[in-house]
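>>> Predicted model, plus sequence, below.
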There are 2 protein chains.
Amino acid sequence: MQTLIWNNLTETEKQQALTRPAISASSDIKSAVENIANLVSNKGDNALFELTEKFDKVKLESLIITKSTIEQATKRIPDDLKQAIQTAKNNIERFHQAQQNQTVDIETQAGVRCQVLTRPIQTVGLYIPGGSAPLFSTVLMLAVPAKIAGCKTIVLCSPPPIADEILYTAELCGVETIYAVGGAQAIFAMAKGTESVQKVDKIFGPGNAFVTEAKRQVLQQGTAIDMPAGPSEVLVIADEFADPDFVASDLLSQAEHGADSQVILVTDSVVLAEQVEQAIERQLAKLPRKETACQALAHSRIFIAESLEQAVEISNEYAPEHLVVQVENARSLLDQLDNAGSIFLGAYSPESMGDYASGTNHVLPTYGYTRTHSSLGLEDFTKRMTVQELTPQGFKDLAPAVMRMAEAEQLEAHKQAVSIRLAKIA
Amino acid sequence: MQTLIWNNLTETEKQQALTRPAISASSDIKSAVENIANLVSNKGDNALFELTEKFDKVKLESLIITKSTIEQATKRIPDDLKQAIQTAKNNIERFHQAQQNQTVDIETQAGVRCQVLTRPIQTVGLYIPGGSAPLFSTVLMLAVPAKIAGCKTIVLCSPPPIADEILYTAELCGVETIYAVGGAQAIFAMAKGTESVQKVDKIFGPGNAFVTEAKRQVLQQGTAIDMPAGPSEVLVIADEFADPDFVASDLLSQAEHGADSQVILVTDSVVLAEQVEQAIERQLAKLPRKETACQALAHSRIFIAESLEQAVEISNEYAPEHLVVQVENARSLLDQLDNAGSIFLGAYSPESMGDYASGTNHVLPTYGYTRTHSSLGLEDFTKRMTVQELTPQGFKDLAPAVMRMAEAEQLEAHKQAVSIRLAKIA
């Protein structure tokens, strides 16, 4: 890890040090994904079968996972893992249940009733990547709030062979249909619908560069997506009271995600910085994903700040996805912290807790999007409508203001919609 | 207006009848906007001066509107208009103030504290189009919630010459800086920043095809925008008890917005449908924007439904921006209504009321996006972060579940971040 003393950097160097690498898809990926889009839209299910055979090396008879397949998978899950998943599900449910939208129903002036109503998005599609590690925790993070929101139809796509843990968790969370299809083709199938795959209103979930590009393309064509994607990242603020082993373990748990993971330590203690580097060396040795973690660490940075205030400024400027705060009184910094996806306060709140089971959502904005985007929550599965109802008297009272404004905006028909009613009341 | 009996249509005809015209920007517009992007990014303020001279035929000395210019504009606004604007502002403030986000702060299990914190988006840019009609009502709709949300910096761009009403309303609502720049160049200036123009985190506001394309392009590059844009639209559900004059006036107030406006009447009464058509003829005669309204009406439709239930189904399927309900007991339909931006209940709630002064926001999803997107509200000027803090005991209790799940996902460093702490507690 490169160590930089913040105050020794020029403004340009500071900006560079906090700049993430460019992530826009190559033109190769873009055109490959466009081809897949065309195939799916022209050939429907047949395209999905072909692409699954080509990319996943699996020849399917049906895209839809049967109930008996799910039952068999369920039987194979060890009881202790089932319990762990249930514990996580309970906490995630409690936290997202608590996010129920406030009802707004007020009179802005006498006889002018205005409301905000929240409605579930009707049909949502969840994408879960394949690969060696079955990301069933992401199933919890997507399906639990979808269910609480009241989405009528929840479907899930994942490339075959789908891990038992994913099938089990999806079933547990009330996912209606699971499709054995992955990659860009899964995204287009859910966006447009095929003979087998249900068309959805909004698509959620992580994926590789092809999936990300496919989500970008369907967004252009009117399907909503959860949020823009980027590599996962953590920023740890630590002071001399932090345990270097704890800090190192948090940095490493981010680094193992991928070679492109962003890992940053900001501390006002040079001693701690050195201790953390040593602890990383020690802990790294034991990790199966050592190589991935090393690649991520190669472009990671330690910033030496002159104070915790400056550390907070650096964090707010970087706008991290995960922000771990290991300082003497972590909560005291909370009011100053801004632009973070999820904040982990104190020595016993490692990122792993939120990744799995504390109850917060692990789907978070990356790549600086925490400046403008929210941590995934119940709201992302709903939308708000407004309502207004005026009594005849409320209408009469407000009519002059509306007519005067419509006149000034030269929208005579808007004015007429008021005057025509006024004439009939009076 | 074309009248169609819903039950006589085939499924394909029904879909076609509810399909909006394609709105993607032409390649000419795309490349023109890309050129503007390059100019602004290479030449900064100079590009803005040049493009303003070229497109707006105004040679500026400064991009920033001075306080004395605003003071002079304020003096020219008639008192009755000032009062009307103040009335609207009060109602919009009350309604958006009522949208304050719920605080979530719970223990998901003993010793595991989880929170949702809401923070304002720091810097927002508002765009207000130019043209003959000064859209100062949109200034209210954007600046009022930005101020309530607590956005630190609120700037506004509008092409010169900027109407007095826009300057006055912006100042009234606490906009910090007003720039005399419009079009795609204004969007890129706010997204990237120039010598004069403040870089912003999120851009709000309507515009022509060039502005819409510029917003699409900056979104790709990481600047947030309010919502996808499309032509304005209204759907009116009316029954035999509706006043045909009122219904006609609501359809016309939408039709005058632009030739591409979408105007739909759904009714279970053939008699009413005929009366509305006659009323439109009568009212149209008096309107200055008659030609625009006629163009919009040319592609507008009346659907005859077999019942109000079917009318509701058609509306939910179309997913209109504005939904006016003029039936005997309008509120009784509310629970079944879904997929609308703003709903206007009853005879005395014409769209004009919400467009200007009832308190609801007139920035609404169009083009079917009400299926997944919300009416603009306080939330759009804020973002949510989550926080978790575990006590040592809370951590110990949850640790086994997290370690078991991390193990199953083959993320050993995630497990290690827990086990290393457990070892030091025990």
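Nice, I can see it. Numbering: from 1, shown residues only, chains lettered A, B, ... in the order given.
>>> In this structure A:Asp355 contacts A:His362, no?
Yes - here A:Asp355 reaches A:His362: they are 4.9 Å apart, a contact under CB atoms under 8 Å. In this view, the C-beta of every residue, glycine as well, is placed from N, C-alpha and C.
>>> which neighbours do those two share?
A:Ser137 (CB atoms under 8 Å, 6 or more residues apart in numbering or on different chains).
>>> which residue packs closest to A:Gln100, ignoring adjacent ones?
Distances taken as CB to CB, 6 or more residues apart in numbering or on different chains place A:Leu378 nearest to A:Gln100, at 7.0 Å, with adjacent residues excluded.
>>> Contacts only, for the one you found.
Neighbours of A:Leu378 in contact, by CB under 8 Å, 6+ apart: A:His96, A:Gln99, A:Gln100, A:Asn101, A:Pro145, A:Ile148, A:Ala149.
>>> Please work out how many residues are found near the fourth one.
Going back to what we said before, that points to A:Asn101. 18 (other CB atoms under 10 Å in any protein chain shown).
>>> what does the third one give?
Taking other CB under 10 Å as the neighbour definition, A:Gln100 ends up with a count of 14.
>>> Check which helix or strand it maps to.
Under the criterion DSSP states H and E, no helix or strand holds A:Gln100.
>>> List the contacts of the residue most central in space within chain A.
Among the residues of chain A, A:Val363 comes closest to the average C-alpha position under CA atoms, centre = their mean, at 3.1 Å. Residues in contact with A:Val363 (CB under 8 Å, 6+ apart) are A:Thr138, A:Met141, A:Leu142, A:Phe204, A:Gly205, A:Pro206, A:Asp226, A:Met227, A:Ser375, A:Leu376.
>>> Tabulate the residues you listed (TSV), appending neighbour count.
Output for the contacts of A:Val363, formatted as TSV (neighbours: other CB atoms under 10 Å in any protein chain shown):
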residue	neighbour count
A:Thr138	24
A:Met141	27
A:Leu142	29
A:Phe204	27
A:Gly205	25
A:Pro206	20
A:Asp226	21
A:Met227	19
A:Ser375	27
A:Leu376	25
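>>> Let me know the closest of the residues you listed to chain B.
Within the contacts of A:Val363, proximity to chain B (CB to the nearest CB) peaks at A:Ser375, which comes in at 4.7 Å.
>>> Contact partners for the closest one?
Counted by CB under 8 Å, 6+ apart, A:Ser375 has contacts A:Gly341, A:Ser342, A:Thr360, A:Asn361, A:Val363, A:Leu364, A:Pro365, B:Val116, B:Arg384, B:Met385, B:Thr386.
>>> Next: A:Val155.
A:123-126, A:175-179, A:190, A:197-198, A:200.
>>> Pull out the buried members of those.
A:Thr123, A:Val124, A:Gly125, A:Leu126, A:Val175, A:Thr177, A:Ile178, A:Tyr179, A:Met190, A:Val197, A:Gln198, A:Val200 (16 or more other CB atoms under 10 Å in any protein chain shown).
>>> Averaged pLDDT, the strand or helix carrying the second one. What do you get?
In this structure, A:Val124 sits in strand A:123-127 according to DSSP H and E. Per-residue confidence for strand A:123-127 averages out to 98 on the pLDDT scale.
>>> Report the strands that pair with it, each with its relative direction.
strand A:153-158 (parallel), strand A:202-204 (parallel) (DSSP bridges).
>>> Now mean pLDDT too, for the ones you listed, in a markdown table please.
Below are those laid out as a markdown table (pLDDT from 0 to 100):
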| stretch | mean pLDDT |
| --- | --- |
| strand A:153-158 | 98 |
| strand A:202-204 | 98 |
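>>> Tell me, how many residues neighbour A:Asp355?
The burial count for A:Asp355: 27, using other CB under 10 Å.
>>> Shouldn't A:Val325 be within a strand?
Yes - applying DSSP: H, G, I helix; E, B strand; the rest coil, one finds A:Val325 inside a strand.
>>> so how far is chain B from it?
In this view, A:Val325 and chain B are 9 Å apart by CB to the nearest CB, to the nearest Å.
>>> In the stretch 151-300 of chain A, what residue spans correspond to helices?
A:164-172, A:183-192, A:209-220, A:244-255, A:270-284, A:290-298 (DSSP state H, counting those that start in this stretch).
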